[in-house]
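Chemist: sequence unknown, structure follows:
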């Protein structure tokens, strides 16, 4: 098994700037943020707001 | 604190297994299969009761068994196996050590305790037959909810161990830039899992409080709304994980690269952003939620996730076709497919999973997600027909398929009963396709789901279903029994292979310490762990023909249902 010094095969690939979209897709924390916030707002919070706005029967 | 940096390089594939990750992958997969065994036995009892001519169980037993079947299959089997997939896609494919193995073991044991506690509530106590959905105000014993909560916390820990492993790989430079596509699919599954589990916690923790008298009541509408963010999204974890498995098997069996990394990753991104919103389709007939909320979540955002599934459905066979044509299988449109290794259960399982998921599960999902069409089959047998096509024919069969690869690679055992293994995907796939198809057919005729006696015999408000409905129920039962035989074949092969199979001995084999968790890429593992597109989309002509067949089927079925809707509610 090789050690760290032998495995820099990727290092010479990054001469060009990385596109912004690829930067986003390569960052799991941004993806996690988006993947949690979007359904939380559109599904959970919006849905809960609609349910609690139903008037209580007298 | 000493960090375990012991690795094993698989002599067959060149994949590198971190010692603690390997143990965790094995244990999660094995425990998942045990829950599959339990769920499979319960499936037999459900099928023989649903089959009206047999009607095996009395009502109380039926609801208990249906509850256990749903939870053991939809939650415990699938999520244990998914955690195995996450650790494989994180540690093994990135060639790096697993982050915090002790925390990962703690998560594993929480999941085990949670799964056992939930089964205890259902089967030993026998007072928690509330089914998978456990709708309040139906109440279960507190151990039912606590079991689910413990399981969910354990699974959440596993997700963050996976994210930590990505960070370890980046810090220790075992990868640079983009993770492999299969790992990206696992990232997608883990992100969906975090939202799913958080939603489950939001509703199950107060419900647990209600079960022990700390919370006075649970609003049933609120429960349904939040619970489905857990209940349906948990099945979207499956979709992402099994699509990752499709790409993995294409790379393993054919050395296939994706047709376009950008397109496939964008499709996964659409899953991350939108697929969880599909939960709303369970609430399309509920009062209290506006059409704006329903239509935006289902008929707009859901379609972006459907688009993503169609992209994967095109690019996975497309990448296989490109790889096959590069090997010289170029005659006509389909030589690449005819000459595919149909006797290899890893391939046949994945291909049947792909076709079944797309044609049966995918198309029916769109029908259920359309507000108007949903009214025809809401809460009918159509719904379990749909999710057996997605979760069982799609996910479970894909997981079964990759097991045939993992047994020699991960467990270092030869596959026992190779003849049985060869036929297993066909038996299971055919049985489950028949089961799902006729279940959806019966549902289209209005046969309800869940109910012990769908004939409503002896009730003041009985309903006469047409004879076709009873025929379809009989046929779905035969399909179900065939699928159970297929499931038993899988269990026979895997359990025997893992525990009693012939050991694969490699002369001179030993675990090796890797400085800083680093290891050189090996050629055999390169298609699975590498990055890059095949870039030959134009040479996937056969796949495009298959895609057109799918599209025509989709459009025809969609408009047939609109026509059917017009006959249900004639405009006069």
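Modeler: Alright, I've got the coordinates. Model, not experiment: these values are computed from the prediction.
Chemist: now the residue nearest to the spatial centre of chain A: which helix or strand?
Modeler: Geometric centre of chain A, nearest residue: residue A:31, 0.9 Å, by Cα atoms, centre = their mean. Assigned by DSSP states H and E, residue A:31 belongs to helix A:28-39.
Chemist: and for that helix, what's in contact with it?
Modeler: A:24-25, B:163, B:166, B:187-188, B:191-192, B:194-195, B:198, B:229, B:233, B:269, B:272-274, B:276-277, B:279 (Cβ atoms under 8 Å, 6 or more residues apart in numbering or on different chains). C-beta: built from backbone N, CA, C; applies to glycine.
Chemist: just the buried members of these?
Modeler: Among the contacts of helix A:28-39, those buried by neighbour count (16 or more other Cβ atoms under 10 Å in any protein chain shown) are A:25, B:163, B:166, B:187-188, B:191-192, B:194-195, B:198, B:229, B:233, B:269, B:272-274, B:276-277, B:279.
Chemist: now do the strands in the stretch 151-300 of chain B.
Modeler: With DSSP state E, counting those that start in this stretch, there are no strands along the stretch 151-300 of chain B.
Chemist: please apply the same query to chain B.
Modeler: Shown for chain B, the strands assigned by DSSP state E span residues B:6-9, B:16-18, B:512-513.
Chemist: what comes up buried for the helix ranked longest in chain B?
Modeler: In chain B, with assignment by DSSP state H, the single longest helix is helix B:467-500. For helix B:467-500, the neighbour count (16+ other Cβ under 10 Å) marks B:469-470, B:472-477, B:479-484, B:486-491, B:493-495, B:497-498 as buried.
Chemist: for it, give the mean pLDDT please.
Modeler: Averaged across helix B:467-500, pLDDT comes to 97.
Chemist: ditto for stretch B:389-396
Modeler: 96.
Chemist: can you find the helix or strand of chain B with the lowest average pLDDT?
Modeler: Least confident helix or strand, chain B: strand B:512-513 with a mean of 64, by mean pLDDT, DSSP states H and E.
Chemist: can you list the weak-confidence ranges in chain B?
Modeler: Applying pLDDT under 70 to chain B flags the ranges B:1, B:507-527, B:535-538, B:569-572.
Chemist: ok, residue B:383 - how many residues close by?
Modeler: Number of residues near residue B:383 (other Cβ atoms under 10 Å in any protein chain shown) recorded here: 22.
Chemist: so what's it up against?
Modeler: With the criterion set at Cβ under 8 Å, 6+ apart, residue B:383 makes contact with B:368, B:377, B:443, B:449.
Chemist: so which of those wins on neighbours?
Modeler: Going by other Cβ under 10 Å, residue B:443 tops these with 27 neighbours.
Chemist: hang on, isn't it packed against residue B:380?
Modeler: Yes. Residue B:443 lies in contact with residue B:380 (Cβ atoms under 8 Å); the separation is 3.7 Å.
Chemist: between these two, which contacts overlap?
Modeler: The contact sets of residue B:443 and residue B:380 overlap at residue B:449 (Cβ under 8 Å, 6+ apart).
Chemist: so which of the contacts of helix A:28-39 sit within helices?
Modeler: Checked against DSSP H, these include these in helices: A:24-25, B:163, B:166, B:187-188, B:191-192, B:194-195, B:198, B:229, B:233, B:269, B:272-274.
Chemist: if I look at residue B:328, how far off is residue A:18?
Modeler: Between residue B:328 and residue A:18 the computed distance is 37 Å (Cβ to Cβ, to the nearest Å).
Chemist: number of nearby residues for residue B:265?
Modeler: Counted with other Cβ under 10 Å, residue B:265 comes out at 21.
Chemist: give me phi/psi at the closest residue in space to residue B:261 that isn't next to it in sequence?
Modeler: Sequence neighbours aside, residue B:533 is the residue nearest to residue B:261 in space, at 4.8 Å (criterion: Cβ to Cβ, 6 or more residues apart in numbering or on different chains). Phi and psi for residue B:533, reported as degrees, to the nearest 10, are phi -100, psi 160.
Chemist: and residue B:533, what does it touch?
Modeler: With contact taken as Cβ under 8 Å, 6+ apart, residue B:533 is in contact with B:257-262.
Chemist: same thing with residue B:438?
Modeler: Contacts of residue B:438 by Cβ under 8 Å, 6+ apart are B:385, B:472-473, B:475-476, B:479.
Chemist: find the nearest non-adjacent residue to it, please.
Modeler: In space, residue B:438 is closest to residue B:476, 3.9 Å off (Cβ to Cβ, 6+ apart).
Chemist: so which residues on the stretch 251-400 of chain B come close to chain A?
Modeler: The interface of the stretch 251-400 of chain B toward chain A, taken as Cβ under 8 Å from any Cβ of the partner chain, is made up of B:265, B:269, B:272-274, B:276-277, B:279-280, B:283, B:288-290, B:293, B:296-297, B:301.
Chemist: repeat the analysis, applying 6 Å as the threshold.
Modeler: Counting by Cβ under 6 Å from any Cβ of the partner chain, the positions of the stretch 251-400 of chain B adjacent to chain A are B:265, B:272-273, B:276-277, B:288-290, B:293, B:297.
Chemist: which of the residues you listed lies closest to residue A:54?
Modeler: residue B:288 (5.3 Å; Cβ to Cβ).
Chemist: so how many other residues sit close to the closest one?
Modeler: By other Cβ under 10 Å, 17 other residues sit near residue B:288.
Chemist: hmm, residue A:54 and it touching each other?
Modeler: Yes. Under the criterion of Cβ atoms under 6 Å, residue B:288 makes contact with residue A:54 at 5.3 Å.
Chemist: what residues sit buried inside the helix holding residue A:31?
Modeler: The neighbour-count check on helix A:28-39 (16+ other Cβ under 10 Å) flags A:28, A:31-32, A:35-36, A:38-39 as buried.
Chemist: any stretches of chain A with poor pLDDT?
Modeler: Per-residue confidence for chain A (pLDDT under 70) gives these ranges: A:1-15.
Chemist: follow-up on the earlier one: tell me which two in the residues of the stretch 251-400 of chain B next to chain A are the farthest apart.
Modeler: Most distant of these, by Cβ to Cβ, are B:265 and B:288, 38.0 Å apart.
Chemist: so how far is residue B:275 from the closest residue to residue B:233 other than its chain neighbours?
Modeler: Once flanking residues are discounted, residue B:233 sits nearest to residue B:196: 4.0 Å by Cβ to Cβ, 6+ apart. Residue B:196 sits 11 Å away from residue B:275, going by Cβ to Cβ.
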